[in-house]
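Undergrad: Sequence and computational prediction follow.
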Amino acid sequence: MAAKKVQKYVKVQIEAAKATPAPPLGPALGQAGVNIAEFVKKFNDATQGMQGKVTARIYVYEDRSYDFKVVTPTATSMIKKTLGIEKGSSKNAVSKVGKITQAQLQAIATAKMKDLNAHTVEQAAKIIAGSCRSMGIEVVK
């Protein structure tokens, strides 16, 4: 049996277990020819235990069938949840919104390890630290 040919690739960021057919998800999937209600149910079931925004990669095939892969929550949503803040600083160089420790960075890096382009947890922690700095969060030892 030959592999199905991917006709369209859709990448969306949605709150875990809270997907609805409303925009931005509905129009993106509608253009790809995906049954939106069916996808929403499958997505919500697959992300039941997760929190924060997750990225879904949806591969739509020629026969309008699809597969999707759910990636761990975004680094920024994990950072915000860890620090208990609503959003990052709009002027990250001038005003800081919080401080994050190396232990907290390691925990986030360990959780995100499979989705990051890093070979060790230390390298992954550096990537997460960069996200923190861009959000106006000070990295402390």
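TA: Looks like it came in fine. Numbers count the residues shown, from 1 in each chain.

Undergrad: switch to C-alpha atoms for all contacts and neighbour counts from now on
TA: Noted.

Undergrad: tell me the domain boundaries of this structure?
TA: 6-72, 74-140 (automatic domain parsing).

Undergrad: Mind telling me which of the ones you listed the model trusts least?
TA: Per-stretch mean pLDDT for those is lowest at domain 6-72 (a mean of 90).

Undergrad: buried stuff in the helix or strand hosting Ile14?
TA: Ile14 belongs to strand 6-15 when assigned by DSSP states H and E. By neighbour count on 16 or more other C-alpha atoms under 10 Å, the buried set for strand 6-15 is Lys8, Gln13, Ile14, Glu15.

Undergrad: same thing with stretch 103-118?
TA: The neighbour-count check on stretch 103-118 (16+ other C-alpha under 10 Å) flags Leu105, Gln106, Ile108, Ala109, Thr110, Ala111, Lys112, Met113, Leu116 as buried.

Undergrad: Give me the longest helix you can find in this protein.
TA: The longest helix of the chain (DSSP state H) is helix 121-134.
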